[in-house]
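In: no sequence for this one, just the structure:
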Ligand code: G16
Ligand code: MG
């Protein structure tokens, strides 16, 4: 049996949310906007452009498209400096054994992320070779909860959408997987990700017995 396994990036494979936060904070500080870790939760899984709009909304700041474009570029430059220093030790615990199991058992593996920097991050942490396909923020027009990113990932893998398995840490991502008739697996707080078909706090809780069940059912 062969299935498509699709992984979100931020919050599932690596914790890049902390770098997004630091990079956004520079912009927010300069504009006099109070931007806290709590606010940052709203940006998880959300596109870069939408993230800026949310931050500007926090401070009731209106801006021209020109200014917005400038801040988006500045944010990304700062973010790139953080991810440039990433190494393998930043892969979240339990992720590599799961990827290895899927490879060893002839399963199809894809990335389905909103980030336009997904590929360099996978390269930096040394796990690009596990992925048969990558669909990221450069490839999709409709953001999660629209299922486009996951449907394209399944297509690229040459596998049906229905029955594909999605690992996600965001509510919008779980909804996208459900809309695509995929098996949704929430990674994180179960009370937040209650729409997921299965819930785990992190990948250390996912054993080979469970993975084998996913492959065969
Ligand atoms: C990630 C993060 C979001 C970020 C988005 C776009 O999504 O969770 O906070 O805004 O990517 O990132 P970039 O600015 O690199 O294009 P995901 O889908 O991997 O969780
Ligand atoms: Mg995520």
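Out: Nice, I can see it. It should be emphasised that the depicted structure is a prediction, and the values quoted were computed from it without experimental measurement. Ligands and ions are numbered 1, 2, ... in the order given.
In: which residue is the nearest non-sequential neighbour of residue 195?
Out: residue 174 (5.0 Å; Cβ to Cβ, 6 or more residues apart in numbering). From N, CA and C alone the C-beta is placed, and that goes for glycine too.
In: next one: residue 205
Out: residue 94 (7.5 Å).
In: one more: residue 183?
Out: Take residue 183 and drop its neighbours on the chain: the residue closest to it by Cβ to Cβ, 6+ apart is residue 165, 4.5 Å away.
In: let me see the backbone angles for the one you found.
Out: Residue 165 adopts backbone torsions of phi -110, psi 130, taken as degrees, to the nearest 10.
In: residue contacts, it?
Out: Residues in contact with residue 165, defined by Cβ atoms under 8 Å, 6 or more residues apart in numbering, are 3-6, 182-183, 185, 214.
In: looking at the residues you listed, state which has the most neighbours.
Out: For those, the largest number of neighbours (other Cβ atoms under 10 Å) sits with residue 6, at 34 neighbours.
In: thinking again about what came up before, dump the contacts of residue 165 to TSV, plus secondary structure, distance to ligand 1 and pLDDT.
Out: Below are the contacts of residue 165 laid out as TSV (DSSP: H, G, I helix; E, B strand; the rest coil; distance: Cβ to the nearest ligand atom, whole Å; pLDDT from 0 to 100):
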residue	secondary structure	distance to ligand 1	pLDDT
3	coil	21	98
4	strand	17	98
5	strand	16	98
6	strand	11	99
182	coil	15	98
183	strand	18	98
185	strand	14	98
214	helix	21	97
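In: quick one: residues in contact with the least confident helix or strand in the chain by mean pLDDT.
Out: Of all the helices and strands that make up the chain, helix 37-40 has the lowest average by mean pLDDT, DSSP states H and E, namely a mean of 94. Residues from elsewhere that reach helix 37-40 (Cβ under 8 Å, 6+ apart): 17, 20-21, 24, 54-55, 58.
In: go again using 7 Å as the cut-off
Out: 17, 21, 58 (Cβ atoms under 7 Å, 6 or more residues apart in numbering).
In: pull out the buried members of these.
Out: If you count burial by 16 or more other Cβ atoms under 10 Å, the buried members of those come out as 17, 21.
In: just put the contacts of helix 37-40 in a markdown table and tack on distance to residue 42, pLDDT and secondary structure.
Out: Compiled in a markdown table, those are given as follows (distance: Cβ to Cβ, whole Å; pLDDT from 0 to 100; DSSP: H, G, I helix; E, B strand; the rest coil):
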| residue | distance to residue 42 | pLDDT | secondary structure |
| --- | --- | --- | --- |
| 17 | 11 | 95 | helix |
| 21 | 11 | 97 | helix |
| 58 | 9 | 97 | helix |
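In: out of the contacts of helix 37-40, which is nearest to ligand 2?
Out: Closest approach to ligand 2 among the contacts of helix 37-40 (Cβ to the ion): residue 17, at 7.9 Å.
In: helices of the chain, residue ranges please.
Out: With DSSP state H, the ranges of helices along the chain come out as 17-30, 37-40, 48-58, 65-83, 95-104, 118-124, 148-157, 171-179, 208-216.
In: what's the closest of those helices to residue 110?
Out: Evaluated with Cβ to Cβ, these place helix 148-157 nearest to residue 110, the distance being 4.0 Å.
In: I'd like to know which elements the closest one is packed against.
Out: When contacts are defined as 3 or more Cβ pairs under 7 Å, 6 or more residues apart in numbering; DSSP states H and E, helix 148-157 sits against strand 4-7, strand 108-112, strand 133-135, helix 171-179.
In: perfect, I'm done here.
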